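Chemist: here's my sequence, what's the structure:
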Amino acid sequence: MLRERFDSAVTLDQFTDQAKANQELWRAIRKRAQAPVDLVERLRSLPARRYLLVLTEDWCGDPVNTLPPVARLAEAVPQLELRVLPRDENLDLMDTHLTGTARAIPVLIVLDENHRELGWWGSRPQPLQRWFKSEEAQRLSKEDRYRDMRRWYARDHGRTALEEITQLLERTA
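Modeler: Just a heads-up that it's a prediction; the model follows:
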């Protein structure tokens, strides 16, 4: 089942080209995104191929900040291949990868060379998620909370998510 899903999924560039929301933002962040050399080097020692299947939607701010750096990492590591599926068309898969009760995205599912699930990551880097759930963040208006999240992502450049995903890939190697 996951092999068929992966095979039917699109690349991040194809996803971006099809985006109805935030297309220019997706393109701008994708253009600037980088894969840190230290993480690329760590992952080049993976003993086998890994497929990264992502559930997302174009309107969400978390994936637009996270997925372009993940795509750069996958491009730099020969053992990795990244594909994207729309969450809302794959709710059965989404509902097996919930962070709490919400269908929060992105969800990145790590598959082995036979397309069996090894683990998953989502939907935000842990430090940002802890802050988001904190009393401090919850006291802010929704607008201010999301502004602060955008600032966090702008400073982080995807580094924290890439580190967490690298650790997941190493644990499942």
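Chemist: any idea how far Ser134 is from the spatially most central residue of the chain?
Modeler: For the chain, the residue sitting closest to the mean C-alpha position, by Cα atoms, centre = their mean, is Leu67 at 4.5 Å. Using Cβ to Cβ, to the nearest Å, Leu67 is found at 25 Å from Ser134. All C-beta atoms are positioned from the backbone trio N, CA, C, and that covers glycine.
Chemist: coming back round to it: does the residue nearest to the centre of the chain touch Val107 like I think?
Modeler: No: with contact defined as Cβ atoms under 8 Å, Leu67 does not reach Val107; the gap is 11.0 Å.
Chemist: give me the common contacts of these two.
Modeler: Residues touching both Leu67 and Val107 (Cβ atoms under 8 Å, 6 or more residues apart in numbering): 54, 56.
Chemist: circling back: which SSE is the residue nearest to the centre of the chain in?
Modeler: Assessed by DSSP states H and E, Leu67 sits inside helix 61-76.
Chemist: contact partners for Val107?
Modeler: Contacts for Val107 were tallied using Cβ under 8 Å, 6+ apart; they are 54-56, 87, 94, 97, 120-123.
Chemist: with those residues in mind, which one is nearest to Leu162?
Modeler: Nearest to Leu162 among the contacts of Val107: Trp121, at 10.3 Å, using Cβ to Cβ.
Chemist: got the residue ranges for the strands in the chain?
Modeler: Applying DSSP state E to the chain gives strands spanning 50-56, 80-86, 107-111, 117-122.
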